[in-house]
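1. Model the structure of this input:
(one chain, ligands or ions: 1)
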Amino acid sequence: MSGKGSVSRVCLAYSGGLDTSVILRWLIEHHGCEVVAYCADVGQEEELSGLPDKAKATGAVDCVVRDLREEFVRDYVYPSVRGNAVYEGTYLLGTALARPLIAKHQIDVARETGCDAVAHGATGKGNDQVRFELAYRALAPELAVIAPWRDWDLRSRTDCMAYAQKHGIPVTATVKKPYSIDRNLLHISFEGGILEDPWRAPEEAMFVMTVSPEDAPDAPAEVVISFERGTPVALDGESLGAAALLTRLNRIAGAHGVGRVDMVENRFVGIKSRGVYETPGGTVLHAAHRAVESITLDREVMHERDRLAPRFAELIYNGFWFSPEMDFVRAAIERSQENVTGEARIRLFKGGLQVTGRRSPVSLYDAELSTFEEDTTYDQSDATGFIRLQGLRLPRRER
Ligand code: ARG
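-> Numbers count the residues shown, from 1 in each chain. Next up, the predicted model:
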């Protein structure tokens, strides 16, 4: 997307940081357009009250801040828990889940404020550009898309600082940020800086949501999570809304050092990337959900869903939240969750977590069937024919 006059009003996903501040002014200068700044509150814990003034001081005609925390956890995080979505067996998808939601509201704001284009501050090397733009494309194909990081000739943070200085853009942080950070109610992610060496351990001072396991309390804590149809509804018996529940669980699990992950992942664009994540509450929710499923899901339904889970995670990761294949996968997952009602007790200790109990009013677990004591329902001699038929087709081997 280039050239003056091709767009007249752009809605920019804006955080108030250096990059999006520079982008805001660059859009005005380079495209000769008006800019509506839009900021989503997904629980990044940044002060948002002064943001509209800052955006306007940088040149925006308007600034819209939306609190999306409840919707984020209810409609994005919880579905990912119901589907056990874990990318490459490790990443709980904190950033990937927020992008389609941020994009969806950006489209709404763009329409409400008469914009003919949308813009974002994601670079040309990452997953986020794909996630934003696939969502834009699915929800509003008529809007033009501007990705300044792929268009302009600013190449570094130094270039951005110089541009800000030249145009009198108010920037607060001047020290170089050691990492690329993305935070929301589900997680915080760190990439870049010293983490680019995959052998180098992260510094303890980097972590935000979790204490180091060594510094965690010497006594364990226990939490009980209640689920209805696969959805977390209560913590320690207290009914809580989605954002409130995850906020509280983050605090408890973070205080016990639970939820740190250090991995090298495969980005959609074909690059391997080292990332460190803190997902304290989400880690507990996934474990508790699996525990409730273990007594409430039919074996075959569970195994079918388990085949879909990696695909579900991949679709989230690659940015296909709003796609026909995602609708299909999600419908199957939701169908699997109808009986997933019950609670699990989780013990948190020094960075680790164990399930110590699970129960459900609709449990499929039959103590009478599984007992090692004498029972009246299961005829052990039935197993003789069962095994003989299973073995019928096995060819003989020497060893
Ligand atoms: N690697 C993770 C992902 O692709 C985290 C990305 C974080 N984004 C950022 N702009 N710092 O989901």
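
2. how about the closest residue to R183 other than its chain neighbours, what does it touch?
-> If the residues on either side of it in the chain are set aside, R183 comes closest to Q44, at 4.6 Å by C-beta to C-beta, 6 or more residues apart in numbering. The way it works is simple: take the backbone N, C-alpha and C, and place the C-beta from them, glycine included. With contacts defined as C-beta atoms under 8 Å, 6 or more residues apart in numbering, Q44 is in contact with S15, D182, R183, N184.

3. and these, which of them are in strands?
-> Mapping the contacts of Q44 onto strands (DSSP state E) picks out D182, R183.

4. list the contacts for Y277?
-> Y277 neighbours (C-beta under 8 Å, 6+ apart): Y91, L92, G94, H187, I188, S189, F190, G259, R260, V261, D262, M263.

5. how about a cut-off of 7 Å?
-> Y91, G94, H187, S189, V261 (C-beta atoms under 7 Å, 6 or more residues apart in numbering).

6. One more: S80?
-> L93, L97, I316.

7. now the first one: how far from S336?
-> L93 is 19 Å from S336, where distance means C-beta to C-beta, to the nearest Å.

8. burial count for H30?
-> Using other C-beta atoms under 10 Å, H30 has 17 other residues around it.

9. So for it, what's the pLDDT?
-> On pLDDT, H30 comes in at 96.

10. repeat for the one 5 residues further on
-> At V35 the predicted local confidence, pLDDT, stands at 98.

11. can you confirm it is in a strand?
-> Yes: under DSSP: H, G, I helix; E, B strand; the rest coil, V35 sits within a strand.

12. In contact with the most centrally placed residue in the chain, which residues are there?
-> Here the mean C-alpha position of the chain is nearest to the C-alpha of G94 (C-alpha atoms, centre = their mean), at a distance of 2.0 Å. Neighbour list for G94: N184, L186, H187, S189, Y277, T279 [criterion: C-beta under 7 Å, 6+ apart].

13. Flag every buried residue along the strand or helix carrying the fifth one.
-> Okay, so that is Y277. Applying DSSP states H and E as the criterion places Y277 in strand 272-278. Within strand 272-278, the residues that count as buried by 16 or more other C-beta atoms under 10 Å are S273, R274, G275, V276, Y277, E278.

14. on that earlier part again, most neighbours among the contacts of Q44, which one?
-> Busiest of those [other C-beta under 10 Å] is N184, holding 26 neighbours.

15. I'd assumed A98 was in contact with it.
-> Yes: between N184 and A98 there is a contact under C-beta atoms under 7 Å: 4.9 Å.
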